[in-house]
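Engineer: Give me a model of this one.
(chains A and B)
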There are 2 protein chains.
Amino acid sequence: MNKNKATQISLQDITITDRFWIGRMELMAREVIPYQWDALNDNIPGAEPSHAMENFRIAAGESTGEFHGMVFQDSDVAKWIEAASYSLVNFPNPDLERTIDEVVDLMGKAQQSDGYLNTYFTVAKPDQRWKDFSGGHELYCAGHLMEAAVAYYQATGKSIFLTIMCRYADYIDSIIGPAENKMKVYCGHEEIEIALIKLYRVTDNERYLKLSQYFINERGKQPCFLAEEPTFNSSKTKWFGLDYHQAQVPVREQTKAEGHSVRAMYLYAGMTDLAIETGDETLYQVLQKLWDNVTHYRMYITGGLGSQGHGERFTLDYDLPNDSAYAETCATIGLIFWAERMLLLHPESRYADVMEKALYNGALSGISLDGRKYFYVNPLEVIPEAVKDRYDLQHVKLERQQWLGCACCPPNIARLITSLGQYIYSQDGDVLYTHLYIASEAGFHVKGGQVRLAQKGNYPWDGQITFTVQTPKETEFTIAVRIPGWCREYQLKLNGITLEEIPVVHGYAKIRRKWGNGDEINLQLAMPVELIQAHPKVREDIGKVAIQRGPVVYCLEEIDNGKDLWSIALTTKEKLTAEFAEDLFDGVTIISGEALKADDSSWRDSLYHPLRDQTKPFNIKAVPYCFWGNRQPGEMLVWIHRKG
Amino acid sequence: MNKNKATQISLQDITITDRFWIGRMELMAREVIPYQWDALNDNIPGAEPSHAMENFRIAAGESTGEFHGMVFQDSDVAKWIEAASYSLVNFPNPDLERTIDEVVDLMGKAQQSDGYLNTYFTVAKPDQRWKDFSGGHELYCAGHLMEAAVAYYQATGKSIFLTIMCRYADYIDSIIGPAENKMKVYCGHEEIEIALIKLYRVTDNERYLKLSQYFINERGKQPCFLAEEPTFNSSKTKWFGLDYHQAQVPVREQTKAEGHSVRAMYLYAGMTDLAIETGDETLYQVLQKLWDNVTHYRMYITGGLGSQGHGERFTLDYDLPNDSAYAETCATIGLIFWAERMLLLHPESRYADVMEKALYNGALSGISLDGRKYFYVNPLEVIPEAVKDRYDLQHVKLERQQWLGCACCPPNIARLITSLGQYIYSQDGDVLYTHLYIASEAGFHVKGGQVRLAQKGNYPWDGQITFTVQTPKETEFTIAVRIPGWCREYQLKLNGITLEEIPVVHGYAKIRRKWGNGDEINLQLAMPVELIQAHPKVREDIGKVAIQRGPVVYCLEEIDNGKDLWSIALTTKEKLTAEFAEDLFDGVTIISGEALKADDSSWRDSLYHPLRDQTKPFNIKAVPYCFWGNRQPGEMLVWIHRKG
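Structural biologist: Here you go, the predicted structure:
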């Protein structure tokens, strides 16, 4: 499996010890996974009901009643199993494992004799299987169940769920594909493309790789079968056309990220997986174009994607409104999935920069500090009165929700955080890449031997990172240390001696030597407060700046700065200082200092007046964007007006 | 009629000679009224069909077929007759008069035996009369027909249409009202309130005044009958609730302008008419509150009203987005109607300031220079690519349209311009108020004699205005000269001698004396280029300024300034100069000068970057907002970023 290719580190080989993350991972194990299990079983008072587990019980014949929820409700259970499985690796929990076993048992009972497994179509629409690829989400749900089965197998070694999902995959392969007697279709919502490659990697069954390849190659061929489906609603509005499904042209002809942003990210991640497995250069070429389009034209500074709620989608280049942003948590998570795969395909720090940006900002904002509340939409500016009264802001919520009718995001953020260890490093032959600065202990197989790397630091609050090599014998290999794109000044030391002429290739300082036990790399990243400007073509951000320090984007909240945040103006970054606050959000670096605020005391009643431009000194306090809304609802602002 | 009350000047008593306006009034007579007649008869190739006249022919039994168009399609014909009638006063046209006579003949034939006159309900829903007050627009259409009948009577002396409409009004009065056996209802769209008072003023029939009073007093009483109607769609969304109809509380308890902005303006205009006629102080109190709310919190700098397309409505205080503005032409026209009435009720120049602002900006922008194309929506910022691709901008059009499926605006702007003479002056006893600076010859009855006032000037491009009194005998009276709110420095001369200590009461310099023939007032209003700021609570305008000179608001257009208008920054007004351009838009003062534009030449691919704030010198050219979109589609911007 995956010989001669760059690989992720497996969760078994890494232990996170990081102050910022360890608490979150423990929270996942202790609170979030049980909480989400309760949600899936409708045991959270006041939360939107899920019915997802009950659907499985009904499909398994262990309960009676009707299907309820979204057509893709099964995927919530799948993503929960996936998250729970990842969590089991670091936090063994026999009760949780037994619960999953019971769910898997239900899966087996709900599986039809031909291998089919989907509670919506089994319970509610038994005669409608495989008729609605644009809206039905059957292959999407199958994909999430496959990912869950792989995760559970990797965490526990138990193969029963994997066997169930291989049966389902075999069945799908028997009815869909290039052969003349098979359906020429793919899912309106990509996901199975990723999942089949995961299944291929654990089973070595090439049919799964080929089926994923088929789905990707078939996508967007014209005329498109999706447009012929009665359920396809392109006739309603252009925002739900073929591009909504990334099916407007074949994938290799796509150059801009279009349509539903989560779907796009899952497609691109799947395409990257396929390129990794097949070495397909045509895919790599198009993936680079799509990457550039997303990250140079269509991405919020938080790593948020999707500028419009209607169609949960991309709009046009440089169109990044802050208050009406969609920036779905799942889309940012999808961007992380994609970035991590791009790093395997071609290790360039720009992919890691975006992965880090998305992780520390637009993804983490999706979950509350107590793990029990979730944002689906992650705007960069919130005015409660406008959210309440304006029709075009109805997708925005002022507070994270206990659960969601469309609950894709909560288990998605859970599976991301519980599998975080996989994102820190990658290995390509005898090159170990450091992508994320998360304190941890990791093991690698290098040249037949075992090497361990201990990472220490207090990232993202501090730029001092130390790597210590642990090796039983001197071994020659390369440690490729990522120099973050946000960093303008850094220093690299080896065993206390500054390295002056280390080659930095695609953003990685490559240190090749015979490493001995106890060798230490010290990386010092200067982490001043920065005022960040958006490209002048971003009309919503003109004349504004965002506060950033390291990879962390900051925001102003009403609780710290009062109302009318938009009337605050920053002058220079020299007036801002960073300070670690032990007691806020379990420890956080806050940024404060002098700014200006519009002085409207002389305005009285007039709405328009010849320019007088009166301001007063004002002390601001900024907190990391990802933590906004954890105290009380109120205004929030990322892009702050600038003066001078 | 209206003795002892302030009055409008009648159209017969005034002749406009103004360079800015006379061409437009001639255009109305020569081009627009025939063009709109063609539109109402579906004779404009490529335009959205109206069917409005055909509906009347069908209802009159002179044609067959089905009703087509909006439920309020009759009102388009009514407003066209009203406009055509006003135009006849200054531009006699026997052919046009004959055409109207023929329409009136159809009206008579379409009128039912009981007096009812509405083609939609007569042709399409004969059994559904008076069952849908929230959406049916029956009383609204009746009102517009009444206004048309009054205008036609006043222009021609012909009473046949007036008789028809009195029959209809009598019928309405017989079925709706406070008496026990009558319906307790009012129209979901206000309009008949204004119309009945006009009918009362020409007929002296107090029942019409009382019925108007009933509609106004009944409105908003709870529980509200509208909410009981099957057609009432409050259940759909809150944007179409009782406040959409200004029926959430009784009118005297309303303190903020809520709901559909055109409806609100027509209601407030009707309330003002009623206050004029009855001296009702409680109405005056509430009208002041509503006026302040509209003009201090909810009005665009152009006089545009309505911050949201969904519900064509007001949203919340200081919520004035520029690109997604609705600012319907009809709402601005309605604001002019209301302002003109407020001036009669209580002459204060703040009403005239708003009337003037609305007239020269947000109303006039609704019609193209050739009179044949119309904006319904008047945004303050347009980016063509965003309008094309963003769902929340779908109400915006890049170009004025030949006609509209909902064609309320085109005949509304026509009736406003053709009746413009009425808005220039008002008379309260022996005080003549000058409200608008429009060159004209006007006659007044003062103390039993005839006095004429000749106004000369080149407004709005020039602030020099001269009034010459023509009187056969010396007469003592007051000329109250409005000092515009936009003006920060003025000089007033009488027969060449500067008046130093003239009392300015509510914004009017009151000159009382025995006026002799040839006496001349010279008013010099300093008219520099001004940079205007919005109240700092208007979050969409923070850090921005608008260019204004006199009452005229300017904008940048792509044709003059290239793309990415938002990346232009103004520094100080001293760098801008005004210059009259003979050859543009039939003569217009343009504003040009030095500004800055963001320099993105060093940005290359990055979307976010530490602040570098690079700009380059850039020469701007601004044109009056009301003329935007008369050359070619492209970007447009009113609120311009400011730097320094």
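
Engineer: element containing the residue in the stretch 151-300 of chain A positioned nearest to chain B?
Structural biologist: Nearest to chain B in the stretch 151-300 of chain A, going by C-beta to the nearest C-beta, is A:His296, at a distance of 4.8 Å. Backbone N, C-alpha and C define where each C-beta goes, glycine included. Using DSSP states H and E, A:His296 falls within helix A:281-297.

Engineer: Give me the helices and strands touching that helix, please.
Structural biologist: Using 3 or more C-beta pairs under 8 Å, 6 or more residues apart in numbering or on different chains; DSSP states H and E as the contact criterion, the elements in contact with helix A:281-297 are helix A:261-278, helix A:329-345, helix A:349-357.

Engineer: try it again with 7 Å
Structural biologist: Helices and strands touching helix A:281-297, by 3 or more C-beta pairs under 7 Å, 6 or more residues apart in numbering or on different chains; DSSP states H and E, are helix A:261-278, helix A:329-345.

Engineer: Tell me how many other residues surround the residue of the stretch 151-300 of chain A closest to chain B.
Structural biologist: The number of residues packed near A:His296 is 17, by other C-beta atoms under 10 Å in any protein chain shown.

Engineer: Find the nearest non-adjacent residue to it, please.
Structural biologist: Once flanking residues are discounted, A:His296 sits nearest to B:Asp605: 4.8 Å by C-beta to C-beta, 6 or more residues apart in numbering or on different chains.

Engineer: Where does pLDDT dip in chain A?
Structural biologist: Chain A contains residues with pLDDT under 70 at A:1-4, A:233-236.

Engineer: can you pull the buried residues of the helix holding A:His296?
Structural biologist: Using 16 or more other C-beta atoms under 10 Å in any protein chain shown as the test for burial, helix A:281-297 gives A:283-284, A:286-287, A:290-291, A:293-297.

Engineer: and the stretch 101-250 of chain A, which of its residues are near chain B?
Structural biologist: A:Trp239 (C-beta under 7 Å from any C-beta of the partner chain).

Engineer: ranges for the helices of the stretch 101-250 of chain A?
Structural biologist: Assigned by DSSP state H, counting those that start in this stretch, the stretch 101-250 of chain A shows helices spanning A:119, A:138-156, A:160-175, A:192-203, A:206-218.

Engineer: domain assignment for chain A?
Structural biologist: Annotated domains of chain A cover A:7-423, A:433-525, A:529-642 [automatic domain parsing].

Engineer: and those, which is most packed in?
Structural biologist: Comparing the domains of chain A by mean neighbour count (mean count of other C-beta atoms under 10 Å in any protein chain shown), domain A:7-423 comes out on top with a mean of 21.

Engineer: ends of that one, how far apart?
Structural biologist: 11 Å (C-alpha to C-alpha, to the nearest Å).

Engineer: what's the nearest residue to A:Thr122 once chain neighbours are set aside in contact with, if anything?
Structural biologist: With C-beta to C-beta, 6+ apart as the criterion, A:Thr122 has its nearest non-adjacent residue at 4.7 Å, and that residue is A:Ala59. By C-beta atoms under 7 Å, 6 or more residues apart in numbering or on different chains, the contact list for A:Ala59 reads A:110, A:119, A:122-123.

Engineer: picking up where we left off before, nearest to A:Ile33, of the helices and strands packed on helix A:281-297?
Structural biologist: A:Ile33 lies closest to helix A:329-345 among these, at 16.8 Å (C-beta to C-beta).
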